[in-house]
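K.L.:
next come a sequence and a model predicted from it.
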Amino acid sequence: MTRQLRVVFHGLHDGSEVHDGATNLATDEALLDAGSLDAGFSDACWLRFYRWSEPTISLGYFQRFADFDDCGSVPVVRRCTGGGAIWHEHELTFAYVGPLDVLPTKVEASYAEWNEVLTHAAARFDRVLRPATPAGSASRWCFEQSVGLDLVDASGKKTVGSAQRRRDGRFLHHGSIVLTAPPGQTFCGAMNLGALELAVAIVDSLVTLRHFDVQHVDLPDEVRERRADLVRTRYGQATWNTQR
Amino acid sequence: MVPNDRKYQTSHEWALTQDGLVVVGITDVAVEQLSDLVFVDLPKKGAKFKQGQSFGEIESVKAVSELIAPCDGEVVEVHEALSDDLDILKKDAFTAGWMIKLKPSDVSQLEGLLDGPSYDKHAASEAH
């Protein structure tokens, strides 16, 4: 059976909607919940690529808010996925969401499958992405440490970081791809590509390797309503963002 | 094959009725799927949950999975030592790796869950 992939681009080209941290992360969790919103959403996968309306730090779900009190006035928002913190400014963020039965059941295998897609897309631009060799001591920053499920560039610097949440028979796979090396963060690799061209290539690779039936769509009203609830009750609230 | 003295959820929790309480944990299949476990977040004693609600979370190196209550009930005991030694789950997910004990509001809710052989079939169908 050909599985539907509903693709959403936010902030990748002029005139496209772009959101702050709370709205971005609420959108991803609303898509995770979409299976229970309406039967029509339950089988399809979603792939949302997005940028951020202002530089923002997202914390991993289990991280301590107090560990980032040296980051000045940059907004900080907590993800529902784990891992280290990400400075969202020079990267392309994505959320891949769908029913768990599209993924290999083992977490490691599901990463390998997704990493194959990213590697395939990078090769279209003669860029190398390869699995990381575990490196770096425990750091609060995602890109300062690697495990074998991360992707590094040709020089061995981490270029793609990812984390998953699994709930109620569905998954949310969050990822961040560094587009240009952030100033001062010499530990980061970079694709040196534009956000839109990279996103388009990843969708093409998904079609080639996973045979998805792709539809470019806008967010349905039900997802927007769930997102508004999540901004109001969670991602826009200090009780969520500073909970640990 | 998993033990057939308890009930199972498709989300890989087991529920064992024991002395009027429901002991809850996750199966060895779940442990294997998640691989390198790093953290478990369990509820406090006295917390109340409805069947199907998340009662906690378990984190592996690259994924967070929610732990789902098998029935309505109140947490009367929490396996506090588990968070200090997650290897217990790898060694013995079905006994030493228990997570919480619930005082059930309606133990008949467990009747709707899977028995051991049905869970084995479910787990096999997931493995692709």
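P.N.:
Structure received.
K.L.:
what is the burial count for residue A:232?
P.N.:
For residue A:232, the tally of surrounding residues (other CB atoms under 10 Å in any protein chain shown) stands at 12. Just so you know, the C-beta spots here come from the backbone N, C-alpha and C atoms, and that holds for glycine as well.
K.L.:
if I look at it, how far off is chain B?
P.N.:
20 Å (CB to the nearest CB, to the nearest Å).
K.L.:
so after the host helix or strand of residue A:174, what's the next helix or strand?
P.N.:
Using DSSP states H and E, residue A:174 sits within strand A:170-178. Next along the chain after strand A:170-178, taking DSSP H and E as the criterion, comes helix A:195-210.
K.L.:
would you pull up the residue in chain A closest to chain B?
P.N.:
residue A:164 (4.0 Å; CB to the nearest CB).
K.L.:
which of the three states applies to that residue?
P.N.:
Under DSSP: H, G, I helix; E, B strand; the rest coil, the three-state class of residue A:164 is strand.
K.L.:
just the pLDDT for it.
P.N.:
pLDDT recorded at residue A:164 is 93.
K.L.:
surely it meets residue A:149?
P.N.:
No - using CB atoms under 8 Å, residue A:164 is not in contact with residue A:149, being 9.9 Å away.
K.L.:
if I look at these two, which residues touch both of them?
P.N.:
residue B:62 (CB atoms under 8 Å, 6 or more residues apart in numbering or on different chains).
K.L.:
need the pLDDT of the nearest residue to residue A:152 once chain neighbours are set aside.
P.N.:
Counting by CB to CB, 6 or more residues apart in numbering or on different chains, residue A:132 is the residue found nearest to residue A:152 once chain neighbours are left out, at 4.6 Å. We note a pLDDT of 89 for residue A:132 in this prediction.
K.L.:
tell me the contacts of residue A:132?
P.N.:
Counting by CB under 8 Å, 6+ apart, residue A:132 has contacts A:146, A:147, A:148, A:149, A:150, A:151, A:152, A:156, A:158.
K.L.:
reformat these as a markdown table; add pLDDT and neighbour count.
P.N.:
Output for those, formatted as a markdown table (pLDDT from 0 to 100; neighbours: other CB atoms under 10 Å in any protein chain shown):
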| residue | pLDDT | neighbour count |
| --- | --- | --- |
| A:146 | 86 | 22 |
| A:147 | 85 | 19 |
| A:148 | 83 | 14 |
| A:149 | 88 | 25 |
| A:150 | 91 | 25 |
| A:151 | 94 | 24 |
| A:152 | 94 | 19 |
| A:156 | 91 | 13 |
| A:158 | 93 | 24 |
